[in-house]
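Enquirer: How does the following fold in three dimensions:
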Amino acid sequence: MSRGERRRPSLLDVSPEKAVIWLLFAGVVYGLRSFFSTIFLTYMMTYVAVRVVNALTHPRPDGETSWTRKPVVVTAYAAALVLTYMTTQALVPRTIDQGKWLLAQFSTLDPEKIREDLLAKTLGRWEFSRYKDSDRYTKELQEFIRDKYNSLTFQEAVQMAREIRRVFEEESSEKAGLRILEKLRRSGEFDELYRQHLRTHWAEKELLAAPDLQKRLTEEYDASFRLINGDETYQKEKDQPSYGEKRRQVNLARMTTQLFTTGQHRDTAETEISMKRGHEVFVALTDKAKEEAFQGFYRTEVPKRFRGFHYSYDKFRILESVTNEADFRLKLKDESSDEKIVAEKFQRWMEVRLSKEHPLSNLLGDTSQLLRSSLPHITRWLTAIINSALDFGLNALLSLALSFMIVWEIPKLTRALGSVKGTRSEAILEEIAPEIERLGTVVGVAFVAQFVIAVINAVLAFLALWFLGFHSPVFLSLFVLMCCLVPYVGVLIAALPILLVALQEGGVQLGFQTALSLFVIHELEAWIWSPRILGEFLRMSPLTIILILFVAEPLFGLWGLLLGVPVAVFLINDVFLKPLPIEEDADGSSKNTGIGG
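Expert: Below is the predicted model of the structure:
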């Protein structure tokens, strides 16, 4: 190389020793992949605890620790444990209850109705504003009153209300029964229930319907008894009632086995068993749980199945409380025939009709199919969140205990690391430790900062959802908290299930208000929280962040979403854009040593 000439850096200029060290490290990381969640939680707790303890004890430059360090460590972890316990006691029961209610709401979600309402409140309302000034309005309003809006008498309304309750109970029992039936099939318990059903309901009927088969089974039993016990004993026993009953039971058992083997009446058995078990589950529900499920059923199913029943859910509850014709007319009848209310119902009906006739309705396609295909994924997310709450709590307690032991023993660990000098482990430590320390610092700073942003977003989401009247603001705001651990797009990830809940609970108006609230929260994060809290750390465009997440999620799943951005920042700043070290030649000139030089 000529004097003063720079050596061209090479990405592959790595010594064999370094390659072996990093391959060994990668193997250790891969071997511990099953414990990554515990390791990561322990690291984050330790990262925060060390900084809190150092801030309170002010360690000396020579590495010696103050006598106050251990009391501060104990106090800090005790405070964390008490705070965690109080938060868990306050939030977890309510979160689980609201999560279960939310899952029940999703089970009654009707994507077609959501699409219909959305189009009616937009295209339909726009078209109706023009339609109302046309000559058709008065004529078709009268036709609507005559053909579609028939006022119900007291007896008709009460009878239909009872029918609605009956249909709800039957369908709820059926759905619960089908879930139980699937569990029984997977566990193998259904076969025994099926045998019992055949023995109780079908074996005797089948024997009576087949006299030849019954005669053959009887003869086979008698012959077997003679062979085993002798003819003399048979002659004594054959006319005894106990002998006849025992033979009958054996014949029924053989008939049951035959029916079971051929699978006869299995469909009937599945239906009866599932309905019975489902009814037992439904009856065991609390009145509050039943009424919450019924409210969702009423809003989605009654408008489709009971066209002539025009009462709202609140009016339905009033209808169930009336006892006579006079009470009915006082509370419901006059209102139901009010001209203004009829006109409002005609407007809602016509908005739906006009939206379906609009050309844009066809251009939008069947968006309800998109919603329907997304529901299983959303339901799995919510179910996983509820089911993993206990697992996460136990994992967090284990991580807290490990973190406490690490922080407590940090002075000893530091001295132990110093003892590796002069050993073969020194090369490994000098190579890996600085890089891991920088990576840990980057991930720690980024994750803590993003957690603060997520907490702010969750608080704002809770206030917005509570103000808008959501039934489950605690669960949904915690869902926002977890989603917002993903930088920039967390609010967008949480938005879909929340908007579906909004459309289910309050229709298009609540959906629009919720979308506007989440949009404001997202913009506050993008333009205020992230720049001020993360500062110069994430100097990346939103497009770059989205591309990183798009690549990291398929490769590493949830951890790719959580850690993809900070790890990418480390790789960019500390690996690819890190300046190469400069060494002096013997003649005094400088040269680039390259990555492995």
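Enquirer: Pretty sure residue 453 sits against residue 486.
Expert: No: applying Cβ atoms under 8 Å, one finds residue 453 not in contact with residue 486, separated by 10.6 Å. Backbone N, C-alpha and C define where each C-beta goes, glycine included.
Enquirer: Can you give the distance from whichever strand or helix holds residue 82 to the centre of its chain?
Expert: Using DSSP states H and E, the element containing residue 82 is helix 69-107. Centroid separation for helix 69-107 versus its chain: 18 Å, with Cα atoms, centre = their mean, to the nearest Å.
Enquirer: With stretch 451-459 instead?
Expert: 20 Å.
Enquirer: before we move on, what about stretch 204-214?
Expert: On Cα atoms, centre = their mean, the centre of stretch 204-214 falls 53 Å from the chain's centre.
Enquirer: end-to-end on that stretch?
Expert: 10 Å (Cα to Cα, to the nearest Å).
Enquirer: quick one: the strand or helix carrying residue 55 to helix 69-107, angle?
Expert: Assigned by DSSP H and E, residue 55 belongs to helix 36-57. Helix 36-57 runs at 140 degrees relative to helix 69-107, counting by axes from the mean of the first three to the mean of the last three Cα atoms, to 10 degrees.
Enquirer: what helices or strands is helix 36-57 leaning on?
Expert: Secondary structure elements in contact with helix 36-57, counted by 3 or more Cβ pairs under 8 Å, 6 or more residues apart in numbering; DSSP states H and E, are helix 69-107, helix 367-408, helix 425-468.
Enquirer: Confidence-wise, which of those helices is weakest overall?
Expert: Confidence, taken as mean pLDDT, is least for helix 367-408 of these (a mean of 68).
Enquirer: just checking, what packs against the helix or strand harbouring residue 271?
Expert: Using DSSP H and E, residue 271 maps to helix 266-284. Helices and strands touching helix 266-284, by 3+ Cβ pairs under 8 Å, 6+ apart, are helix 154-187, helix 189-201.
Enquirer: buried residues in the next helix or strand after the shortest one?
Expert: Helices and strands here follow DSSP H and E; after helix 189-201, the next one along the chain is helix 203-209. Judged by neighbour count using 16 or more other Cβ atoms under 10 Å, the buried positions of helix 203-209 are 203-204, 206-207.
Enquirer: got the contact list for helix 203-209?
Expert: Identification of contacts with helix 203-209 by Cβ atoms under 8 Å, 6 or more residues apart in numbering yields 213-214, 217, 251-253, 255-256, 259.
Enquirer: Which among those residues count as buried?
Expert: Buried among the contacts of helix 203-209 (16+ other Cβ under 10 Å): 214, 217, 251-252, 255-256, 259.
Enquirer: Okay, and which of those map to strands?
Expert: Counting by DSSP state E, no part of these is found in strands.
Enquirer: could those go into JSON lines alongside pLDDT?
Expert: Shown next, in JSON lines, are the buried ones among the contacts of helix 203-209 (pLDDT from 0 to 100):
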{"residue": "214", "pLDDT": "85"}
{"residue": "217", "pLDDT": "86"}
{"residue": "251", "pLDDT": "87"}
{"residue": "252", "pLDDT": "88"}
{"residue": "255", "pLDDT": "88"}
{"residue": "256", "pLDDT": "88"}
{"residue": "259", "pLDDT": "87"}
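Enquirer: Show only the entries of the residues you listed found in helices.
Expert: 214, 217, 251-252, 255-256, 259 (DSSP state H).
Enquirer: Make CSV from these and add distance to residue 75 to it.
Expert: CSV is the format used below for these (distance: Cβ to Cβ, whole Å):
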residue, distance to residue 75
214, 83
217, 81
251, 78
252, 73
255, 75
256, 69
259, 71
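Enquirer: Does residue 214 touch residue 251 like I think?
Expert: Yes: with contact taken as Cβ under 8 Å, residue 214 and residue 251 are classed as touching, separated by 6.8 Å.
Enquirer: just to revisit the earlier point, buried residues, the helix holding residue 271. List them.
Expert: Residues of helix 266-284 classed as buried: 269-270, 273-275, 277-279, 282 (neighbour count, 16+ other Cβ under 10 Å).
Enquirer: How about stretch 182-198?
Expert: Applying 16+ other Cβ under 10 Å to stretch 182-198 flags 184, 190, 193-195, 197-198 as buried.
Enquirer: I'd like to know which of the residues you listed is nearest to residue 29.
Expert: residue 184 (42.9 Å; Cβ to Cβ).
Enquirer: Skipping adjacent residues, who's closest to the closest one in space?
Expert: Closest residue in space to residue 184, ignoring its immediate chain neighbours: residue 190 at 4.0 Å, by Cβ to Cβ, 6 or more residues apart in numbering.
Enquirer: For that neighbour, report the pLDDT, please.
Expert: 86.
Enquirer: quick one: the helix or strand that contains residue 560 to chain centroid distance?
Expert: Assigned by DSSP H and E, residue 560 falls within helix 558-570. Relative to its parent chain, helix 558-570 has a centroid offset of 22 Å by Cα atoms, centre = their mean.
Enquirer: which outside residues touch it?
Expert: Contacts for helix 558-570 (Cβ under 8 Å, 6+ apart): 36, 40, 438-439, 442-443, 445-447, 485-487, 537-538, 540, 545, 548-549, 551-554, 556.
Enquirer: show me where pLDDT drops low in the stretch 151-300 of the chain?
Expert: 151 (pLDDT under 70).
Enquirer: For the stretch 451-597 of the chain, which residues score under the pLDDT cut-off?
Expert: In the stretch 451-597 of the chain (pLDDT under 70), the answer is 534-542, 558, 574-597.
Enquirer: change it to 50
Expert: Applying pLDDT under 50 to the stretch 451-597 of the chain picks out residues 584-586, 591-597.
Enquirer: residue ranges of the strands in it, please?
Expert: Using DSSP state E, counting those that start in this stretch, the strands of the stretch 451-597 of the chain run over 582-584, 590-592.
Enquirer: picking up where we left off before, other SSEs contacting the helix holding residue 82?
Expert: For helix 69-107, the packing partners by 3+ Cβ pairs under 8 Å, 6+ apart come out as helix 36-57, helix 287-305, helix 367-408, helix 473-483, helix 490-524.
Enquirer: Out of those helices, which one sits most buried?
Expert: Greatest average neighbour count among the helices and strands packed on helix 69-107 goes to helix 473-483 (a mean of 23), per mean count of other Cβ atoms under 10 Å.
Enquirer: how many degrees apart are that one and helix 490-524 in direction?
Expert: Going by the same axes, to 10 degrees, helix 473-483 makes 90 degrees with helix 490-524.
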